[in-house]
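Asks: generate coordinates for the sequence data below:
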Amino acid sequence: MYQVRVLVLCGAHPLYTNWTAPRSTFTSLLPRAKDRHWSLLLHQGLPLNNMAIFAKAPTTCVSFLLPGPVIIQTDEASSEVLYPNYQNCWSLREKTRGRKKAAILQPGISKDLEKVKAGVGINSSDEVDFFVLLDNVAAEQVHSLLSCPALKRFAQMIEQRAVDTALYMLQEEDREGIQMAVGPFLHLLEGNLLKAADPTTPSGKTRKLYLYATHDVTLMPILMALGIFDHKWPPFAADLTMELYQHQESKEWFVQLYYHGEEQVPRGCPDKLCPLDKFLNTMSLYAVSPEKYHMLCSQAQTMELGE
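Replies: Numbers count the residues shown, from 1 in each chain. Below you'll find the predicted structure:
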């Protein structure tokens, strides 16, 4: 736990540009002028995907002298749920490690990887995969870095093969794999919705907004769980928004889902405005409690130790 008096925010210029619409939406939920800097803080962190930035990018920094100490809570890495926690979920790590090795050996993926390596000038023996290549393509595009013509020429192939590799590692039909990847986070989101819709929740205890900073590798399995994955790598500054509504007369609750600014119809929902119970039914297939998550993550290790 840390106390902060001076807050310095730094972010790439494209970040501020790409998040114009969501920024205006979230700022409207913070009516007091003195709170508006928190809006910026939350946005700056949100789209920072798992990128390898190998050159300096133009940035903007803003400093704030806070009126009083601000408490920043910290926790152990083992409790992290905003990205697939490979380091602390043994079963997930072992499952995806083996699948990644197998994916790279698939004829189409392997052939295209060698083609890109040769075209870019990377030794065939170097351990470079499509994830690393995609990180560099994205860094060049988003941060206006000096572009490698050869890498740019293969950009579409790199993105598609990165998606193919990710889907091979975290297969859509593998329910337990998705549960281990994002189940605890879905459980957290599920709890937020249930608390907001619970008539016994005091009005002052209901939050208007929950905002989480995640990664592209978090969005993909969540999109799979909701049945809206478009088989494209999440673009820079992509956002997934769940809006909760209550009908004024019937008092029924509904959820409206947006991905990257576009309305979506989740799996099991009859329309874009989805009844809350149906939306929760879809989430419940993949949402897991901390207890079940621990069991899933340790079961393969337990079996191995037993042998």
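Asks: sec struct for Thr241, please.
Replies: strand (DSSP: H, G, I helix; E, B strand; the rest coil).
Asks: that one bridge partners, please.
Replies: Thr241 has these beta-bridge partners by DSSP bridges: Tyr258.
Asks: next, count neighbours for it.
Replies: Here the count is done by other C-beta atoms under 10 Å, and Thr241 has 16 residues near it. Glycine gets a C-beta too; all of them are placed from N, C-alpha and C.
Asks: how close does Leu193 sit to Gln106?
Replies: Leu193 is 39 Å from Gln106, where distance means C-beta to C-beta, to the nearest Å.
Asks: looking at the two, which is more packed in?
Replies: Using other C-beta under 10 Å as the criterion, Leu193 and Gln106 rank with Leu193 on top: 18 against 15.
Asks: skipping its backbone neighbours, what lies nearest the more buried one in space?
Replies: Using C-beta to C-beta, 6 or more residues apart in numbering and skipping residues adjacent in sequence, the residue nearest Leu193 is Leu244, 6.1 Å away.
Asks: just checking, the one you found touches Leu276?
Replies: Yes. In this structure, Leu244 is within contact of Leu276 by C-beta atoms under 8 Å, at 7.3 Å.
Asks: so what sits against both of those two?
Replies: Shared contacts of Leu244 and Leu276, defined by C-beta atoms under 8 Å, 6 or more residues apart in numbering, comprise Leu193, Ala197, Trp253, Phe254, Val255.
Asks: what's the neighbour count on the nearest residue to the third one once chain neighbours are set aside?
Replies: Right, Trp253. Leaving aside its sequence neighbours, Trp253 sits nearest to Leu276 (C-beta to C-beta, 6+ apart; 3.8 Å). Here the number of neighbours of Leu276 (other C-beta under 10 Å) works out to 18.
Asks: ok, Leu167 next?
Replies: Leu167 is flanked by 16 other residues according to other C-beta under 10 Å.
Asks: that one and Lys232: what is the separation?
Replies: 11 Å.
Asks: could you do Ser284 as well?
Replies: According to C-beta to C-beta, Ser284 stands 26 Å off from Lys232.
Asks: can you show me the strands along the stretch 201-307 of the chain?
Replies: 240-246, 253-259, 262-264, 273-275 (DSSP state E, counting those that start in this stretch).
Asks: mind listing what's buried in the second one?
Replies: Meaning strand 253-259. Neighbour counts over strand 253-259 (16 or more other C-beta atoms under 10 Å) mark Trp253, Phe254, Val255, Gln256, Leu257, Tyr259 as buried.
Asks: ok, now which ones touch Glu176?
Replies: Per C-beta under 8 Å, 6+ apart, neighbours of Glu176: Leu296.
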